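> Here is my input; please provide its structure:
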Amino acid sequence: MPDEKKYYYITSLDKGLRVLELLAEHGSMSVSQIGAALGYNRAGAHRFVSTLKDLGYVHQNEDSKYELSFKILELSTKLARRFEIRKSASSHMRRLSVAFHETINLGFLDQQDVVHLDKIDSLELLRPDPEIGSRAPAHLTALGKAILAFLPSDELEHFLQNVNWAPQTPKGCSSPEAFQEQYQRIQELGYAMDDEELCLGLRCVAVPIFDHRHYPRYAISISGPTLRMSSQRMEKMSAELLKVGKSLSHSLGQVGC
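Got it, this is the predicted structure:
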């Protein structure tokens, strides 16, 4: 919640949305549990939940607890359909999956995070398993870095000034200066790598996908455990990803790719 509420800010809407976020995170909960978790009194929590129930966003299960309804899924599905890149990328993702047997990811930048828009899971038992819609700090992922490195300078500067530089692993980038060294190399190579920066034991390689304005709208990546993602193998992956990135950029209207 903002420290200083703007004139248009509707506190009750904020509180209702927090109920949805809580149920999405924790699953079914009673009114008392919702109130305790959010600091609402029981009567207030009941009003919010009852309103959401009447609107079709939550329902009561057989234990009389509240949980999200499929209406939330319907909304997310409609949103996902707006991203035509998923349709364009699907055949390329399948081909990469067959070629390398690792997890294939499609994502886009949203403020300081990269959001997973689509994926094809590896069939290996040991594999990364990002959920569609999940977020990760952009500067710690290959997907995010592939986009960041090609942003207009003012947008990149805004990102560098606002991101949380606390690393998630000992290998994570922890300062704007360190990141700037990385993104210059990404610009030269055309692809980005994540070497256990987001999660120890995980490596990833990604390329940007440009739209008709040569804006890095999306990124596509291959990720897997370090024991299978050797430097030599990642080089082969990057070569194939560069071809895919070029083809998908062309499909979005980029000229001269």
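> For this structure, list the residue farthest from the centre, please.
residue 43 (35.7 Å; Cα atoms, centre = their mean).
> which residues touch that residue?
By Cβ atoms under 8 Å, 6 or more residues apart in numbering, residue 43 lies in contact with nothing. (Glycine included, C-beta is placed from N, CA and C.)
> separation between it and residue 176?
Relative to residue 176, residue 43 is positioned 48 Å away (Cβ to Cβ, to the nearest Å).
> what does residue 122 give?
From residue 122 to residue 176 the distance is 33 Å (Cβ to Cβ).
> is it true that residue 122 touches residue 98?
No. Residue 122 lies out of contact with residue 98 (Cβ atoms under 8 Å); the separation is 11.3 Å.
> neighbour count winner among those two?
Using other Cβ atoms under 10 Å, the more surrounded residue of residue 122 and residue 98 is residue 122, with 21 against 10.
> Contact partners for the more buried one?
Residue 122 neighbours (Cβ under 8 Å, 6+ apart): 97, 101-103, 128, 224.
> how is this protein carved up into domains?
The chain breaks down by automatic domain parsing into domains covering 11-76, 83-251.
> Check residue 221 and give its pLDDT.
Looking at residue 221, its pLDDT stands at 97.
> scratch that, residue 87 is what I was asking about
For residue 87, the pLDDT comes out at 85.
> what helices or strands is the host helix or strand of it leaning on?
Following DSSP states H and E, one finds residue 87 within helix 85-100. Using 3 or more Cβ pairs under 8 Å, 6 or more residues apart in numbering; DSSP states H and E, the elements in contact with helix 85-100 are strand 103-110, strand 113-120, strand 216-225, helix 231-251.
> quick check: angle from it to strand 103-110?
Relative orientation of helix 85-100 versus strand 103-110 (axes from the mean of the first three to the mean of the last three Cα atoms, to 10 degrees): 150 degrees.
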